[in-house]
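Novice: 3D, please:
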Amino acid sequence: MANVDEMKRRLLREAVKENIATVHGVRSRPVQPVHRDHRTRLRKSFLIVGLVALIASLFLFSTLTGYHQEVANLLSSLMTTEPPSLAANQVAIPEVPFSEPQPLDGAVFPLGLKKIVLDPGHGGNDLGAVAPLGIEEKEVTLDIALRLRRLLEEASFEILMTRKKDEVVTLAQRAAFANSTGADIFVSIHVNWITSPRIRSVETYYLGPTDDPHSVQLASMENRESGYSLADFRRLLEGIYVEMRRDHSRRLAEVLHRELFKSLGQVNPVLKNGGVKRAPFIVLVATDMPAILVEVSCLSNEEEARRLATSNYRQEIAQALFKGIRSYADTLNSPNKKGS
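Specialist: Numbers count the residues shown, from 1 in each chain. Down below sits the predicted model:
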């Protein structure tokens, strides 16, 4: 039994040495041949060696399994661990917040006001509103516009007019003319007609939607015979809410209307303030620059019609419009302006 144990130990040592030599590239000493009378013992030894090899394999597998488990545990801990804080000499890169695009603020542009288009409403066979006294809107608007032009030119503004005489000019032609000049603002002059003859007011409009029945009716009347096709109108509507142009139009309307009502109120105390409103007038839709439409009086009121028949009251209206335009220009041309 001692000989068998000795032989097993010798065979195991030889196998280990052979494996080590193979790994290191060193050829080991050949195993001494086994005598034939030891064959039975040798078979038993091989069984024992196989059993030892199996046990060693199982031990190696369990070791590797444990190693892999440790690696998995390490990765899991790295994924759940909070990131280390920055070193003292490192600077954190702040995240850039995403925000929705906002309209441009006109205050960032050094805009000035030099060139103005005046648009006397109606003309030719388009009479506009007609008072019972026979006064026609087309004649009143042209006379006021000519008076206003003289005042503005004396103040060194460049003035262009959509019409200078009693002639037909379509709304499309008026807008096209204004756009071709590169003007800074567009002011369309009209005289109102209101269903109630007792009302006498001044109103100023800039481009925008409205649910006011009076504004809708007025825009519908003024937009007749515009000269635009349906396809043209759809194209025009695509640019109706350009924020910067609309904001400047609103500011122009507010400043001009304030001066208009203040000045006329001094000579016509019963005049009502119709306010600043929005409406989709074609001439406001189609023009590229800030644009407003002013209803300077009411031909539907008999007393107002009498006033409009006089040269003095028309001059008062022209003076009031001039003050409003100049006040708006001052906010743009002043080096300390805050924008509109």
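Novice: hey, where'd the helices end up in this protein?
Specialist: 2-24, 39-80, 137-154, 171-181, 213-222, 230-237, 243-267, 282-286, 302-308, 311-333 (DSSP state H).
Novice: same question for the fourth one, mean pLDDT?
Specialist: This means helix 171-181. Averaged over helix 171-181, pLDDT sits at 94.
Novice: Could the C-alpha coordinates of it be exported in PDB?
Specialist: C-alpha atoms of helix 171-181 as PDB (Å, rounded to 0.1, in the frame of the first residue of the first chain):
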ATOM      1  CA  LEU A 171     -55.600  99.000 -52.300                       C
ATOM      2  CA  ALA A 172     -53.100  96.600 -54.000                       C
ATOM      3  CA  GLN A 173     -51.500  99.600 -55.800                       C
ATOM      4  CA  ARG A 174     -51.300 101.600 -52.600                       C
ATOM      5  CA  ALA A 175     -49.500  98.800 -50.800                       C
ATOM      6  CA  ALA A 176     -47.200  98.000 -53.700                       C
ATOM      7  CA  PHE A 177     -46.200 101.700 -54.000                       C
ATOM      8  CA  ALA A 178     -45.500 101.900 -50.300                       C
ATOM      9  CA  ASN A 179     -43.400  98.700 -50.300                       C
ATOM     10  CA  SER A 180     -41.400  99.900 -53.400                       C
ATOM     11  CA  THR A 181     -40.300 103.100 -51.600                       C
END
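Novice: helices and strands around that helix, which ones?
Specialist: In terms of contacts (3 or more CB pairs under 8 Å, 6 or more residues apart in numbering; DSSP states H and E), helix 171-181 is packed against strand 115-120, strand 158-161, helix 282-286. All C-beta atoms are positioned from the backbone trio N, CA, C, and that covers glycine.
Novice: export those to TSV and tack on mean neighbour count and distance to T181?
Specialist: Formatted as TSV, these follow (neighbours: other CB atoms under 10 Å; distance: least, CB to CB, whole Å):
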stretch	mean neighbour count	distance to T181
strand 115-120	24	6
strand 158-161	17	5
helix 282-286	24	14
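Novice: Let's have these in JSON lines, adding mean pLDDT and distance to F186.
Specialist: Supplementary listing: the helices and strands packed on helix 171-181 in JSON lines, determined by pLDDT from 0 to 100; distance: least, CB to CB, whole Å:
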{"stretch": "strand 115-120", "mean pLDDT": "98", "distance to F186": "5"}
{"stretch": "strand 158-161", "mean pLDDT": "98", "distance to F186": "10"}
{"stretch": "helix 282-286", "mean pLDDT": "87", "distance to F186": "7"}
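Novice: Specify the stretch among the ones you listed that is closest to A305.
Specialist: When the helices and strands packed on helix 171-181 are compared by CB to CB, strand 115-120 sits nearest A305, at 18.0 Å.
Novice: Mind listing residues that contact the closest one?
Specialist: For strand 115-120, contacts defined as CB atoms under 8 Å, 6 or more residues apart in numbering pick out 138, 141-142, 144-146, 148-149, 152, 157-163, 174, 177-178, 181-189, 283, 289, 325.
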